[in-house]
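Enquirer: heads up, no residue letters with this:
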């Protein structure tokens, strides 16, 4: 029996990268998993297929985390498919880097609407679906809030907001037996970090020099931390920011 047998989880932004790794990690421990995606349907279906081929249960559901009505529909479909909800992973996120003089209002809202408002609204909806036994909310933050590199002010601010949201909601939701924690990775090698030229860049080198373990992580390194936070092993842990110096998605 796995650590998450009988549990149901939603992992946002799970068609690739860290989210896909967490979804597969949860399924391997017995959870039924909703693989949320916005644009990459093929990637989400690929994750679902991989989980099902190993005997797990998974379902791909599209929802744009910047649109409240799509968030609500995703949770309703989850309940219809699996009958309950125990775990939410707020992994979906976007980033755009630019010097201060080039920042636009559109860039601000694009990143804050998904990274902060989307996570907040998803958590709000999850609380409505968690049972009397409570639940676990896991936010995917970033070690960028410790390193604060130049030309990342909006993205860094969104992750700082998520840190504050984690600590605040841990206190607010604790009486309902709902735990809220955050995993804050350093550099993780994903499709996103490769596509945006982060791997091999000065930013990656700076991360590696300033994080305890150095080097970079793979999504598979992050998944076991999420399993721990979702399982009974961490039943007395909430409001924690776990610096995984192994992020940018």
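Expert: Ah, there it is. Treat the numbers as computed from the prediction; the structure is a model and nothing was measured.

Enquirer: So which elements touch the lengthiest helix in the chain?
Expert: Of all segments of type helix in the chain, defined using DSSP state H, the longest is helix 153-173. The contact analysis (3 or more CB pairs under 8 Å, 6 or more residues apart in numbering; DSSP states H and E) places helix 153-173 against helix 105-112, helix 119-129, strand 135-140, helix 144-147, strand 178-185, strand 241-244. In this view, the C-beta of every residue, glycine as well, is placed from N, C-alpha and C.

Enquirer: Recalculate using a threshold of 10 Å.
Expert: strand 87-90, helix 105-112, helix 119-129, strand 135-140, helix 144-147, strand 178-185, strand 241-244 (3 or more CB pairs under 10 Å, 6 or more residues apart in numbering; DSSP states H and E).

Enquirer: The last one pairs with which strands?
Expert: Same thing as strand 241-244. Strand pairing for strand 241-244, using DSSP bridges, gives strand 178-185 (parallel).

Enquirer: related to what we said a few turns ago, can you add mean pLDDT and mean neighbour count and give the helices and strands packed on helix 153-173 back as JSON lines?
Expert: Shown next, in JSON lines, are the helices and strands packed on helix 153-173 (pLDDT from 0 to 100; neighbours: other CB atoms under 10 Å):
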{"stretch": "strand 87-90", "mean pLDDT": "98", "mean neighbour count": "29"}
{"stretch": "helix 105-112", "mean pLDDT": "97", "mean neighbour count": "14"}
{"stretch": "helix 119-129", "mean pLDDT": "98", "mean neighbour count": "19"}
{"stretch": "strand 135-140", "mean pLDDT": "98", "mean neighbour count": "26"}
{"stretch": "helix 144-147", "mean pLDDT": "84", "mean neighbour count": "20"}
{"stretch": "strand 178-185", "mean pLDDT": "95", "mean neighbour count": "25"}
{"stretch": "strand 241-244", "mean pLDDT": "82", "mean neighbour count": "19"}
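
Enquirer: TSV for the ones you listed, including distance to residue 32?
Expert: As requested, the helices and strands packed on helix 153-173 are exported to TSV (distance: least, CB to CB, whole Å):
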stretch	distance to residue 32
strand 87-90	10
helix 105-112	31
helix 119-129	14
strand 135-140	14
helix 144-147	32
strand 178-185	19
strand 241-244	25
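
Enquirer: So which of the ones you listed is nearest residue 75?
Expert: helix 119-129 (4.8 Å; CB to CB).

Enquirer: The closest one packs against which elements?
Expert: Going by 3+ CB pairs under 10 Å, 6+ apart, helix 119-129 lies up against strand 8-11, helix 68-82, strand 87-90, strand 135-140, helix 153-173, strand 178-185.

Enquirer: Is it possible to get a markdown table of the ones you listed that adds distance to residue 230?
Expert: Output for the helices and strands packed on helix 119-129, formatted as a markdown table (distance: least, CB to CB, whole Å):
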| stretch | distance to residue 230 |
| --- | --- |
| strand 8-11 | 7 |
| helix 68-82 | 15 |
| strand 87-90 | 5 |
| strand 135-140 | 5 |
| helix 153-173 | 15 |
| strand 178-185 | 9 |
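
Enquirer: Quick one, which of those gets closest to residue 231.
Expert: Among those, the nearest to residue 231 by CB to CB is strand 135-140 (8.2 Å).

Enquirer: Go ahead and flag the most central residue of the protein.
Expert: Centre of the chain computed as the mean C-alpha position; nearest residue by CA atoms, centre = their mean is residue 91, 1.8 Å away.
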